[in-house]
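S.K.: predicted model and sequence below, questions to follow.
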Amino acid sequence: MNKVTEFRGRGIQESDVFAAADALLAEGQRPTIERVRLKIGRGSPNTVSPMLERWFASLGDRLVSLQAGPGRPAGNDSDGMPAGVRNAAKLLWETARREAEEVQRGELEAARAAIQEHEAALAESQEAHARREEAFAQARVSLDAALASSQRARETMERQLKEHALEAQRVRMGLDDEIKRLTALLSQAAERQEQMRREHAEFAAAKDQDLRQAEERHAGQERRMLADVDRARQTAKQLEAILAREQQQRIQSEEAAAQTLEAGRRMLRETQQAAQDVERALHERLTVQAGELAQAQADGAASQQRVVDLERQSREERKLHEDARELLAGALAAVRTSDKVVRKATVRRGKPSSANP
């Protein structure tokens, strides 16, 4: 060993390879390229390989010379094989056998370890398979339960949708009936307003005719007497003021009726729009349908109240017309009375003038 380490400072020599191979053989190991390189501590495989082959080639002669000793001739055994070669072969055989046993023992241990690992992996795989089977069974139970729950939920949803559809149809029919009723009320109000307008027109025509007749009478009386004309003019002014008030009231009444009719139409449009909104948002507003229906009923009641107010206004206007007629009749009676008085006065004046020749 010391002889090998002496030459580490220079290039590898054949003696270094021979010494390393002898040392390995003495230790019971078969010399190989790698073992020799490890023993020397340096050298490339290309350099060590031919030197190691020469060592094997000279190994027999060296063993024979070592066994015969100095000055002792080499001999052969009973088979004619040199004893050195046989001894070297035995040594190599023993070395190879021990190495083979070590390799076999290592391979056996590795095989046993591999078998144990395989058995452990197989057991773990079987356990994992059992866990997967159990998890699959649990998942199947959960899926069956979820499927049943989903089926029940779907049936409940379908039943609720049918109920909502029936409720929507019922509400729609109720709204249609309410809209028809409000439309009929508005039509009646429009007819009443038209009738009142015609009555006002007829009354105004009659008033105009009476006024023309009164003016004609007043014109005749003016030619007869200035005092009667003045009185007639005062009466005509009063009549004109009354007629102006009546015309103003008629105009206001017609405007109020028109506003009421427009409000009713607007309410109808709003009610129709509300009905459409209720139909579109039926699924979301089922809880407030009763309130909207009550609002529609309240609107109908309000429309009825407006109709009652229109009737009351019509009665008041008729009362005003009757008062105007009475006042006009009184004025005409006063005119006739004054006319009679004038005639009597004229007759009285005329008598003395006719009696005097």
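M.R.: Thanks, I have the structure now.

S.K.: hey, C-alpha coordinates of stretch 307-324 in PDB?
M.R.: This file holds the C-alpha atoms of stretch 307-324, laid out as PDB (Å, rounded to 0.1, in the frame of the first residue of the first chain):
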ATOM      1  CA  VAL A 307    -120.600  61.100 -11.600                       C
ATOM      2  CA  VAL A 308    -122.700  62.000  -8.600                       C
ATOM      3  CA  ASP A 309    -120.900  65.400  -8.400                       C
ATOM      4  CA  LEU A 310    -121.700  65.900 -12.100                       C
ATOM      5  CA  GLU A 311    -125.400  65.200 -11.400                       C
ATOM      6  CA  ARG A 312    -125.400  67.500  -8.500                       C
ATOM      7  CA  GLN A 313    -123.800  70.300 -10.600                       C
ATOM      8  CA  SER A 314    -126.400  69.700 -13.300                       C
ATOM      9  CA  ARG A 315    -129.200  70.100 -10.700                       C
ATOM     10  CA  GLU A 316    -127.600  73.300  -9.500                       C
ATOM     11  CA  GLU A 317    -127.300  74.600 -13.000                       C
ATOM     12  CA  ARG A 318    -131.000  73.800 -13.700                       C
ATOM     13  CA  LYS A 319    -131.800  75.600 -10.500                       C
ATOM     14  CA  LEU A 320    -129.900  78.700 -11.700                       C
ATOM     15  CA  HIS A 321    -131.700  78.400 -15.100                       C
ATOM     16  CA  GLU A 322    -135.100  78.300 -13.400                       C
ATOM     17  CA  ASP A 323    -134.100  81.300 -11.200                       C
ATOM     18  CA  ALA A 324    -133.100  83.200 -14.400                       C
END
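
S.K.: what's it in contact with?
M.R.: 185, 188-189, 192-193, 196, 200, 203, 207, 242-243, 246, 249-250, 253, 256-257, 260 (C-beta atoms under 8 Å, 6 or more residues apart in numbering). Quick note: C-beta positions are derived from backbone N, CA and C, even for glycine.

S.K.: what's the PyMOL line that selects buried ones from those residues?
M.R.: To isolate the buried ones among the contacts of stretch 307-324 in PyMOL, judged by 16 or more other C-beta atoms under 10 Å, type:
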select buried, resi 185+189+192+193+196+200+203+207+242+243+246+249+250+253+257+260
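
S.K.: so what's residue 167 scoring on pLDDT?
M.R.: Per-residue confidence (pLDDT) for residue 167: 89.

S.K.: give the burial count for it, as a bare number.
M.R.: Here the number of neighbours of residue 167 (other C-beta atoms under 10 Å) works out to 14.

S.K.: from residue 162, how far off is the nearest residue to it once chain neighbours are set aside?
M.R.: Residue nearest to residue 167 in three dimensions, not counting chain neighbours: residue 286, with 6.5 Å by C-beta to C-beta, 6 or more residues apart in numbering. Noted for residue 286: a distance of 14 Å to residue 162, by C-beta to C-beta, to the nearest Å.

S.K.: how about residue 45?
M.R.: Counting by C-beta to C-beta, the gap from residue 45 to residue 162 is 92 Å.

S.K.: what's the burial count for the residue nearest to residue 167?
M.R.: Other residues near residue 286 come to 14 when the count uses other C-beta under 10 Å.

S.K.: begin at 44, not 1, for the rest of this chat.
M.R.: In the new count, where the first residue is 44, that last one comes out as residue 329.

S.K.: so it is in contact with residue 209, correct?
M.R.: No - at 11.5 Å, residue 329 and residue 209 do not qualify as touching, with contact defined as C-beta atoms under 8 Å.

S.K.: how about residue 336: what's its closest non-neighbour residue?
M.R.: Counting by C-beta to C-beta, 6+ apart, the nearest residue to residue 336 once its immediate chain neighbours are dropped is residue 217, at 6.4 Å.

S.K.: now do the one you found, the pLDDT please.
M.R.: pLDDT for residue 217: 87.

S.K.: secondary structure element holding it?
M.R.: Element membership for residue 217 (DSSP states H and E) is helix 126-267.

S.K.: and that helix, what other elements does it pack with?
M.R.: Using 3 or more C-beta pairs under 8 Å, 6 or more residues apart in numbering; DSSP states H and E as the contact criterion, the elements in contact with helix 126-267 are helix 88-111, helix 269-323, helix 332-398.
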